[in-house]
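Trainee: Give the three-dimensional model of this entry:
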Amino acid sequence: MTIGCALTFDFDAMSVWVGSYKARNPSMVSRGEFCAVAIPRILDLLAKYKIPGTFCVPGHTALAYPDLIKRIHAEGHEIAHHGWVHENPADFDEAGERRNMELGLEALQKAAGVRPKGYRSPSWDFSANTIKILLDYGFSYDSSLMGGDFIPYYARMGDKYDDKTPYVFGVNVDLVELPITWLLDDFPHFEFVDKDTYGLSAASKVEEIWKDEFDYARLHAPGGLFNLTMHPQVIGRGYRMMMLERLINHYRSFPDVKFTTLIDYVESWRAKNPLAAWRDSGAIQAQPKFQRQMA
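Mentor: The predicted structure is shown next:
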């Protein structure tokens with residue numbers, strides 16, 4: 001039984017500084033411009049090993065760098081929705097969140113003629129309306145939540161919780177969740193943002209973590225997905241690219257590993273794990289036996 005290995009890249013460019021960090025300082029915003037240097041490096045590396053990638057792109061980035069978005073698409077990689085300007089969905093009412101969704105979709109369509117089936121929330125934040133909105137817009141999967149590690153599950157809608165009553169689980173809906181973790185994200189390990197993130201780690205530290213997490217997934221989560229999140233403006237620095245290439249060679253050294261885009265993995269997994277069977281199993285988010293079938 002194989003395990004999927006997804007190399008995903010959040011192509012935030014300037015949007016993360018303008019949207020998430022509310023920066024108006026030209027120096028801070030210019031950090032995002034390094035993506036224009038990093039994206040060709042990343043695409044060349046993926047082409048060298050014939051690996052498909054998933055690029056999560058805010059609409060703001062798609063309009064700033066349409067030629068790079070076209071190249072990503074032309075080289076066969078998946079493009080997923082990543083908000084409008086890397087905004088936190090919880091900062092908006094439902095109408096505002098829907099408008100940001102539409103702006104992102106319109107920008108990706110304009111830049112590369114794509115209508116993504118996958119979504120990754122900026123900074124992995126959700127509002128109470130996000131899952132309903134994703135269903136309304138016909139998304140097949142999300143990759144923003146942290147209720148698992150290597151085994152997908154169907155997202156839930158309608159959870160109820162406060163600090164006085166027991167947690168109430170909602171109902172699983174037709175949206176496959178590909179869980180993520182900050183542990184497998186390059187930003188907190190490597191980036192430096194004063195009063196926020198103090199990374200600048202040696203590659204050896206991160207390489208050890210990403211290698212051991214992968215090895216554990218391969219041994220203990222057959223049919224699962226190793227979902228690695230990277231940012232071009234972070235991973236694209238020289239010593240980190242060298243680390244990524246070493247990791248790729250480690251991952252590809254095993255015959256039971258399949259590099260995949262998120263959408264290709266989801267379509268295979270969904271066919272083997274239909275929502276009706278999931279609900280009939282009594283699962284909420286846990287891992288019923290049929291869930292461990294190969295994706």
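
Trainee: Okay, buried residues for stretch 1-15 please.
Mentor: With burial defined by 16 or more other C-beta atoms under 10 Å, the residues of stretch 1-15 counted as buried are 2-15. Placement of C-beta: from N, CA and C, glycine included.

Trainee: right, and the pair among those residues with maximum separation?
Mentor: Between any two of those, the greatest separation by C-beta to C-beta is 37.8 Å, found for Thr2 and Met14.

Trainee: list the buried ones in the helix or strand of the chain with the lowest mean pLDDT?
Mentor: In the chain, the helix or strand scored least confidently by mean pLDDT, DSSP states H and E is helix 275-280, which has a mean of 86. Neighbour-count burial for helix 275-280, with 16+ other C-beta under 10 Å as criterion, is recorded at Trp278.

Trainee: Go ahead and produce PDB holding the CA coordinates of that helix.
Mentor: Extracted in PDB, the C-alpha atoms of helix 275-280 (Å, rounded to 0.1, in the frame of the first residue of the first chain):
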ATOM      1  CA  LEU A 275     -19.400  10.100   2.600                       C
ATOM      2  CA  ALA A 276     -22.400   7.800   3.100                       C
ATOM      3  CA  ALA A 277     -20.200   4.900   4.200                       C
ATOM      4  CA  TRP A 278     -18.300   7.200   6.500                       C
ATOM      5  CA  ARG A 279     -21.500   8.300   8.200                       C
ATOM      6  CA  ASP A 280     -22.700   4.800   8.500                       C
END
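
Trainee: what helices or strands is it leaning on?
Mentor: strand 171-177 (3 or more C-beta pairs under 8 Å, 6 or more residues apart in numbering; DSSP states H and E).

Trainee: contact partners of the strand it packs on?
Mentor: Contact with strand 171-177 is made by 131, 134-135, 139-143, 145, 147-148, 152-158, 266, 269-270, 275, 278-279, 283-285, as judged by C-beta atoms under 8 Å, 6 or more residues apart in numbering.

Trainee: Just the buried subset of those, please.
Mentor: 131, 134, 139-143, 145, 148, 152-157, 266, 269-270, 278, 283-285.

Trainee: Which of those residues fall in helices?
Mentor: Among those, the ones falling in helices (DSSP state H) are Ile131, Leu134, Val266, Trp269, Arg270, Trp278.

Trainee: what is the mean pLDDT for stretch 182-192?
Mentor: The average pLDDT within stretch 182-192 is 97.

Trainee: buried ones in that stretch?
Mentor: Using 16+ other C-beta under 10 Å as the test for burial, stretch 182-192 gives Leu184, Asp185, Asp186, Phe187, His189, Phe190, Glu191.

Trainee: which residues touch that stretch?
Mentor: Stretch 182-192 has contacts (C-beta under 8 Å, 6+ apart) with 197-201, 205-206, 209-210, 213, 226-231, 234-235, 237, 240.

Trainee: Just the ones of those in helices?
Mentor: Lys205, Val206, Ile209, Trp210, Glu213, Val234, Ile235, Arg240.

Trainee: Tell me the most packed of those residues, by neighbour count.
Mentor: Of all the ones in helices among the contacts of stretch 182-192, the highest neighbour tally under other C-beta atoms under 10 Å goes to Ile235, namely 25 neighbours.

Trainee: follow-up on the earlier one: next, give me the two most distant ones among the ones in helices among the buried ones among the contacts of strand 171-177.
Mentor: Once C-beta to C-beta is applied, these give Ile131 and Trp269 as the farthest pair, at 18.3 Å.

Trainee: before we move on, the earlier item: return the closest of the buried residues of stretch 182-192 with respect to Asn25.
Mentor: Glu191 (16.2 Å).
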